[in-house]
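Participant: Kindly generate the corresponding structure for this input.
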Amino acid sequence: MALYLGVMSGTSLDGLDIALIDQGTRTQLLGTFYLSMPADLRADLLALCSPGPDELVRAALAEQQWVRLAAQGIDSLLKQQRIQPTLVRAIGSHGQTIRHHPAQGITIQIGNPALLAECTGISVVSDFRRRDLAAGGQGAPLVPAFHQALFADDSIHRAILNVGGFSNLTLIEPGQPVFGFDCGPGNVLLDAWIQRQQGLEFDRNGDWAASGKVQAGLLKALLGDPFFLTQGPKSTGRELFNMAWLEQQLAGLPAMAPADIQATLLELTARSIVDSLQKARSRTDELLVCGGGAHNQALMTRLAELLPASKVATTETYGIPPDWIEAMAFAWLAHCCLEGIPANRPSVTGAQGPRILGAIYPA
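Facilitator: Numbers count the residues shown, from 1 in each chain. Sure thing, here's the model as predicted:
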């Protein structure tokens, strides 16, 4: 057995996903563990996504708290699976992204891998994005290589859609290099709007969005952002799509019911995905959805309506739970690093060539 752990903390800032895999001839998911993000840590991490005072110290303190939470989850998962830490070859830790400005050559993930190695007694592979960025790439998305390893097919034109805080697509075609890119906001604006209006963390099943009516004028303004007019390679984050951006789009428009704004934000997510998919290629046999957005039934229904010629389903269709794909991916990326396997895809990120990703912190 070749055991690896993957730790993923995404832009939604809702919690940490931890996956244990056996990386043999194929990737096998052995166990999972989820930890909710403590409210104070979530607030600290969210604040670090924007400029503020004493950022270096605040980031160092926040990442220590993040690491201790991750170490707690790793310990719980290994005890659950009755596996000794010494049997795990490495942890692939994504860390928490607090800034992503690829045009300036900047991507910052905090997560103190040295401390994580000390806390767990397991070697850690981290800092996956900056080598691709150094090679002229976007540093994101990195998961398409793993999607390709899981879902490549000799005859099916397949797209894998991850909907977390932001949405990204992986396009897999027989005999062609994998292609992928960020599409735009996934859950980030939907979550922020319902938190402001109703104090809820997220719109369960998309029920609130489904109760509203899409506002054509607002949707046109949202889709008019230059990001949606460009094609991949491209990536994005909270630096662009945030509540200040939404408020700017709402300014000057007639007052709207909050539920109608939520409905329009869901339509923005669906339309930005489908528009970018159809611009990138003419045929998609299957769209497989993973990430938290796979549980948003209103979004899944809308994607199916916009793609009548495609089968729209979650990755569960192929036995892989949609909530754990990204954590599995970073466990797989750790395996690639230790084995000297290039894991970026220049066709996805725009890097000058294949690169071995990650920095190793031995136990």
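Participant: what are the ranges of the helices in the stretch 51-200 of the chain?
Facilitator: 55-81, 113-120, 129-134, 144-151, 188-198 (DSSP state H, counting those that start in this stretch).
Participant: Out of those helices, which gets nearest to Gly217?
Facilitator: Nearest of those to Gly217, taken as CB to CB: helix 188-198 at 16.9 Å. All C-beta spots, glycine's among them, are computed from the backbone N, C-alpha and C.
Participant: Tell me how far Thr236 lies from Leu45.
Facilitator: Separation of Thr236 from Leu45 (CB to CB, to the nearest Å): 18 Å.
Participant: cool, Asn112 as well?
Facilitator: Noted for Asn112: a distance of 13 Å to Leu45, by CB to CB.
Participant: Can you work out which residues contact both of the two?
Facilitator: The contact sets of Asn112 and Leu45 overlap at Trp66 (CB atoms under 8 Å, 6 or more residues apart in numbering).
Participant: In contact with Leu200, which residues?
Facilitator: By CB under 8 Å, 6+ apart, the contact set of Leu200 is Ile194.
Participant: Roughly how far does the residue nearest to Gln84 when sequence neighbours are not counted sit from Leu69?
Facilitator: Closest residue to Gln84 apart from its sequence neighbours, by CB to CB, 6 or more residues apart in numbering: Leu78 at 7.3 Å. According to CB to CB, Leu78 and Leu69 sit 15 Å apart.
Participant: more crowded one of those two?
Facilitator: Set Leu78 next to Leu69 and count neighbours by other CB atoms under 10 Å: Leu78 wins out with 22 against 19.
Participant: In this structure the more buried one contacts Gln72, no?
Facilitator: No. At 11.2 Å, Leu78 does not count as touching Gln72 under the criterion of CB atoms under 8 Å.
Participant: And the pLDDT for the residue nearest to Gln84?
Facilitator: pLDDT for Leu78: 98.
Participant: State the number of residues packed around Ile21.
Facilitator: Each residue near Ile21 was counted by other CB under 10 Å, and the total is 28.
Participant: For it, what is the enclosing helix or strand?
Facilitator: Per DSSP states H and E, Ile21 falls inside strand 15-23.
Participant: swap in Pro254?
Facilitator: Of the helices and strands defined by DSSP H and E, none includes Pro254.
Participant: which residue is nearest the centroid of this protein?
Facilitator: With distances taken as CA atoms, centre = their mean, Gly164 lies nearest the centre of the chain, 5.1 Å away.
Participant: quick revisit: which ones are touching the residue nearest to Gln84?
Facilitator: Residues in contact with Leu78 (CB under 8 Å, 6+ apart) are Leu20, Gln84, Pro85, Val88.
Participant: quick one: it and Leu87, what's the gap?
Facilitator: 9 Å.
Participant: Same question for Ile18.
Facilitator: 16 Å.
Participant: Between these two, which is the more surrounded one?
Facilitator: Ile18 (28 against 11).
Participant: Give me the pLDDT for the more buried one.
Facilitator: The model reports Ile18 with a pLDDT of 98.
Participant: Who are the contact partners of it?
Facilitator: Under the criterion of CB under 8 Å, 6+ apart, the neighbours of Ile18 are 5-8, 32-35, 70, 73-74, 77, 327.
Participant: Repeat that for Pro258.
Facilitator: Contact analysis of Pro258 by CB under 8 Å, 6+ apart lists Trp193, Gln197, Gly212.
Participant: can you count the residues close to the second one?
Facilitator: Other residues within reach of Gln197, judged by other CB under 10 Å, total 13.
Participant: Might you report the residue contacts of it?
Facilitator: Listed by CB under 8 Å, 6+ apart, the contact partners of Gln197 are Pro258, Gln262.
Participant: Then the one 10 residues further on?
Facilitator: Contact partners of Asp207, counting by CB under 8 Å, 6+ apart, are Ala298.
Participant: ok so it is a helix residue?
Facilitator: Yes. Counting by DSSP: H, G, I helix; E, B strand; the rest coil, Asp207 is part of a helix.
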